[in-house]
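# coords please:
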Amino acid sequence: MIVDIGGGTTDIAIVSMNGVVTSYTIKTAGNAIDRSIAKYIQNKYKLLIGERTAEKVKIELCNLYDPNDEVTYTVKGRSLLKGLPAQIQLSEIELFKAIEDDTFAIMEAIRKVLEDAPPELVGDIYDNGLLLTGGGALLGGLTQLIKRTLGINCNIAKDAINCVAKGTGMAFGSMTTLLDGFETATVYKYR
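Next comes the predicted model:
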């Protein structure tokens, strides 16, 4: 089972015998999480931040498994009330509240794929765990949250951020031998 939490989508698939058994895609991923963080800070603190700042907050402060109110991060932006630069202290618990809906949407998508899979494969996934790829795989505490919520062990791919792109490049390099999914693929040759 592979869960790719990218920037725009979360793609979940169970692959067996060189084919996709079942898959599901949702539009909740890294960018949606960043927007949720910015919206939470704007609504609660009346502080306007950009997407880069929201992403930095997510990277530095995210703890999905055991958030602590004492661990904080300084967030800088523009006050909506005064129009001047301002900063706040955001805690791990507040960040968890900001992205809780997005996180559990991903959990529900994983659960849906497991429900659609044959029981034998679910047993294998229980034994072997699932593989997390994409930048979202690096969210703090995500592997522990999946273990607690769904009862499945998780492994994070080596070079999780780039491995999907590298694998796609390798697959396109083998288009003549890989038939499934490449029947209508168009390849552009650059000079």
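# which helix in the chain runs the most residues?
helix 92-116 (DSSP state H).
# Let me know the next secondary structure element after that one.
Once the chain leaves helix 92-116, the next helix or strand it forms, by DSSP states H and E, is helix 119-128.
# Residue 82 and residue 49, how far apart?
Going from residue 82 to residue 49 by Cβ to Cβ, to the nearest Å gives 15 Å. C-betas here are computed from N, CA, C, even on glycine.
# okay, the two: which has more neighbours?
residue 49 (21 against 9; other Cβ atoms under 10 Å).
# Skipping adjacent residues, who's closest to that one in space?
residue 77 (3.9 Å; Cβ to Cβ, 6 or more residues apart in numbering).
# So the one you found sits against residue 41, correct?
Yes: using Cβ atoms under 8 Å, residue 77 makes contact with residue 41 at a distance of 7.2 Å.
# which residues are common contacts for those two?
Residues touching both residue 77 and residue 41 (Cβ atoms under 8 Å, 6 or more residues apart in numbering): 47, 49.
# And the protein, what are its domain boundaries?
Using automatic domain parsing, the domains assigned to the chain come out as 2-29+100-173, 31-97.
# can you give me the helices in the protein?
Going by DSSP H, the chain shows helices at 30-45, 51-61, 92-116, 119-128, 142-150, 163-173.
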